[in-house]
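Chemist: Whatever this is, show me its structure:
(one chain, ligands or ions: 4)
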Amino acid sequence: RAKEAGRGKHLRYAPAMHADAEERRTLEIALREALGKNELHLLYQPIVTADTGEVVGFEALVRWTHPELGPISPVKFIPLAEDTRLIASIGNWVLRTACQEAAQWPDDVRVSVNVSAEQLYEAEFLETVVSALAHSRLPAERLELEVTEGVFLREGTGVSQLLDKLMKLGVRLSLDDFGTGYSSLGYLSRSRFSTIKIDRSFVSGAARNQRESLAIIHAVVAMAQSLEMETTAEGVETEAEHDIIRALGCTKIQGFYFGRPMPAADALGLFIDPNSQVA
Ligand code: C2E
Ligand code: MG
Ligand code: MG
Ligand code: MG
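Modeler: Ligands and ions are numbered 1, 2, ... in the order given. Alright, predicted model coming up:
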């Protein structure tokens, strides 16, 4: 792009580019200290069965509250952490914290933890998982790691072997944001995923009766069934979305319709106080 723009003239350095770089630099410095300053915490969003609405797990979602800038979205700071290798320490903290908090839930409730490709490529990732499980005493079967198709893009990283080792520990794997990235059905055969998470864009498309979204969900559900995998519909916000997702045969549902990401104490409260409700 810069090449095209620069054809016949010099590439101009726009002030906006400078501001972006400046902001990134500021955030990077702050992010380096965020862990030590206790500025990170996790929220937990319920995942329920499509047929009965029973809570079968929670997805851990990291939050960063900067003392002056306020809340900063993971959509912004996770990529920054990936670029600067801070993802290893942040990811390690997320994993340990999620396992510890989940160990207090009933023993049939799982926790799902997002793992970046950059994190998987770190040599000590497997040890990190083993140690998080050991410290928390959370059974491996109750931990689900969410990866995206992006993890398979880089050759020679041994990702498939690593995922196999994790599976042998008893950890479950899910394929996140399915359909949004560099989707290839081949990835589904590279590792034994327990669950395919269908991206929110298809869920809302299906509820708007969009043919492509309906066809894709239909196909993914059929394929998951024959491969004995579950399907989680992400980002279900309305009753209409809930209805169509159920009709299409997804086995699990996650979204604001059932519950927003909530603090650990509230998640735990759902099990302790029978009168409290999800959503
Ligand atoms: P994701 O793993 O696909 O997580 C689902 C995102 O959808 C979350 O956004 C969640 O709050 C949001 N969501 C759930 N239900 C609804 C809904 O009904 N409507 C709408 N509009 N959104 C819904 P969040 O928490 O902002 O996280 C964004 C992304 O950041 C995550 O996408 C994940 O890729 C990444 N992320 C979050 N926490 C972590 C983490 O601990 N480690 C890593 N590596 N990535 C993380
Ligand atoms: Mg996820
Ligand atoms: Mg997702
Ligand atoms: Mg997503």
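Chemist: And the strands in the stretch 151-279 of the chain, which stretches?
Modeler: For the stretch 151-279 of the chain, the strands defined by DSSP state E, counting those that start in this stretch cover 172-178, 195-198, 230-233, 252-254, 262-263.
Chemist: which residues touch the nearest residue to residue 106 once chain neighbours are set aside?
Modeler: In this structure, residue 106 finds its nearest non-sequential neighbour in residue 271, 5.6 Å apart by CB to CB, 6 or more residues apart in numbering. C-beta here means a position set from N, CA and C on the backbone, and glycine is covered the same way. By CB atoms under 8 Å, 6 or more residues apart in numbering, residue 271 lies in contact with 105-106, 109.
Chemist: Which helix or strand contains residue 101?
Modeler: Element membership of residue 101 [criterion: DSSP states H and E] is helix 87-102.
Chemist: My reading is that residue 53 lies in a strand. Confirm?
Modeler: No: according to DSSP: H, G, I helix; E, B strand; the rest coil, the state of residue 53 is coil, so it is not within a strand.
Chemist: Let's see the pLDDT reported for the residue nearest to residue 106.
Modeler: At residue 271, the pLDDT value in this model is 91.
Chemist: just residue 3 next, same as before
Modeler: For residue 3, pLDDT reads 47.
Chemist: Just the endpoints, please. Distance across stretch 183-194?
Modeler: 17 Å (CA to CA, to the nearest Å).
Chemist: follow-up on the earlier one: right, so of the strands of the stretch 151-279 of the chain, which gets closest to residue 35?
Modeler: Residue 35 sits nearest to strand 262-263 of all those, at 18.4 Å, using CB to CB.
Chemist: So what are the sheet partners of the closest one and their directions?
Modeler: Using DSSP bridges, strand 262-263 pairs in its sheet with strand 40-49 (antiparallel).
Chemist: For the closest residue to residue 241 other than its chain neighbours, give its distance to ligand 2.
Modeler: Nearest non-adjacent residue to residue 241, counting by CB to CB, 6+ apart: residue 207, 4.3 Å away. The gap separating residue 207 from ligand 2 is 21 Å, by CB to the ion, to the nearest Å.
Chemist: show me the contacts for residue 207.
Modeler: With CB under 8 Å, 6+ apart, residue 207 has these contacts: 238, 240-241, 244.
Chemist: Of those residues, just say which sits nearest to ligand 2.
Modeler: residue 241 (17.9 Å; CB to the ion).
Chemist: show me the contacts for that closest one.
Modeler: The neighbours of residue 241, taking CB under 8 Å, 6+ apart as the test, are 203-204, 206-207, 233, 255, 257.
Chemist: Please enumerate the helices of the stretch 51-200 of the chain.
Modeler: 74-84, 87-102, 117-120, 125-136, 159-169, 185-190, 200-207 (DSSP state H, counting those that start in this stretch).
Chemist: Where among those helices is average confidence lowest?
Modeler: helix 185-190 (a mean of 76).
Chemist: which parts of the stretch 151-279 of the chain sit against ligand 3?
Modeler: 176-177, 234 (CB under 5 Å from the ion).
Chemist: got a winner among those for most neighbours?
Modeler: Of all these, residue 176 has the most neighbours under the rule other CB atoms under 10 Å, reaching 26 neighbours.
Chemist: on contacts alone, who are the packing partners of the biggest helix by length in the chain?
Modeler: Secondary structure of the chain read by DSSP state H shows that its longest helix is helix 15-34. Helix 15-34 sits against strand 55-66, helix 74-84, with contacts defined as 3 or more CB pairs under 8 Å, 6 or more residues apart in numbering; DSSP states H and E.
Chemist: And that helix, what's buried?
Modeler: 24, 27, 30-31, 34 (16 or more other CB atoms under 10 Å).
Chemist: export the helices of the stretch 51-200 of the chain to TSV and tack on distance to ligand 1?
Modeler: Shown next, in TSV, are these (distance: least, CB to the nearest ligand atom, whole Å):
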stretch	distance to ligand 1
helix 74-84	4
helix 87-102	4
helix 117-120	6
helix 125-136	12
helix 159-169	15
helix 185-190	17
helix 200-207	6
